[in-house]
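Student: Based on what follows, work out the 3D shape:
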Amino acid sequence: MSSAAPLSSAEAILAAAKELKLRRLAAMPPPEPIGKAKKARKPNNHDARCRLRIPHSEYRQLVKLKKRLAKRGLPSKKGQLVRAGLLLLGHVDLIDLKVAIRNVIAPEPVLYKVK
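Tutor: Residues are numbered from 1 along each chain as shown. Take a look at the predicted model:
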């Protein structure tokens with residue numbers, strides 16, 4: 001044990017109170033947060049909105065394909081065509097996909113006229 005000087009009665013009371021407080025804190029469950037408890041979030045399957053910039057020539061191809069499908073009795077929207085193309089790209093071989101990406105011409109930046 002330590003060979004410290006004997007504690008005065010006030011110091012002994014403070015030490016005992018501190019020890020008692022530490023024991024109580026150790027025995028208590030952790031405090032719950034104040035306010036409403038947050039519910040577990042469910043994964044949402046909401047549609048993500050995205051805007052794409054494509055050249056006007058590719059946009060015209062999209063419209064032509066849409067009209068061609070409508071003539072065959074399969075009306076569709078441009079977004080559906082893009083999603084169908086994405087599904088098809090998921091099944092393409094990686095080498096063919098790399099070649100297709102290299103062949104895509106990036107759209108030219110739009111230059112705004114300064115007045």
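
Student: Report how many residues lie close to residue 45.
Tutor: Per other C-beta atoms under 10 Å, the neighbour tally for residue 45 reads 5. For glycine as for every other residue, the C-beta is placed from the backbone atoms N, C-alpha and C.

Student: likewise residue 55?
Tutor: Other residues close to residue 55 by other C-beta under 10 Å number 13.

Student: okay, how far is it across stretch 40-48, tip to tip?
Tutor: 21 Å (C-alpha to C-alpha, to the nearest Å).

Student: Which positions in that stretch come out as buried?
Tutor: Residues of stretch 40-48 classed as buried by neighbour count (16 or more other C-beta atoms under 10 Å): none.

Student: Also stretch 48-63?
Tutor: In stretch 48-63, counting by 16+ other C-beta under 10 Å, buried: nothing.

Student: where does this protein dip in pLDDT?
Tutor: By pLDDT under 70, the low-scoring segments of the chain are 1-7, 37, 105-110, 112-115.

Student: same thing but at 90, please
Tutor: 1-58, 78-79, 96-115 (pLDDT under 90).

Student: Helices of that one, start to end?
Tutor: 9-27, 56-71, 78-89, 94-103 (DSSP state H).

Student: from what I can see residue 70 touches residue 80, true?
Tutor: No: Residue 70 lies out of contact with residue 80 (C-beta atoms under 8 Å); the separation is 11.9 Å.

Student: List the contacts of the closest residue to residue 76 other than its chain neighbours.
Tutor: Of all residues not flanking residue 76 in the chain, residue 69 sits nearest, at 5.3 Å (C-beta to C-beta, 6 or more residues apart in numbering). Counting by C-beta atoms under 8 Å, 6 or more residues apart in numbering, residue 69 touches 75, 76, 81.

Student: Many thanks, I have nothing further to ask.
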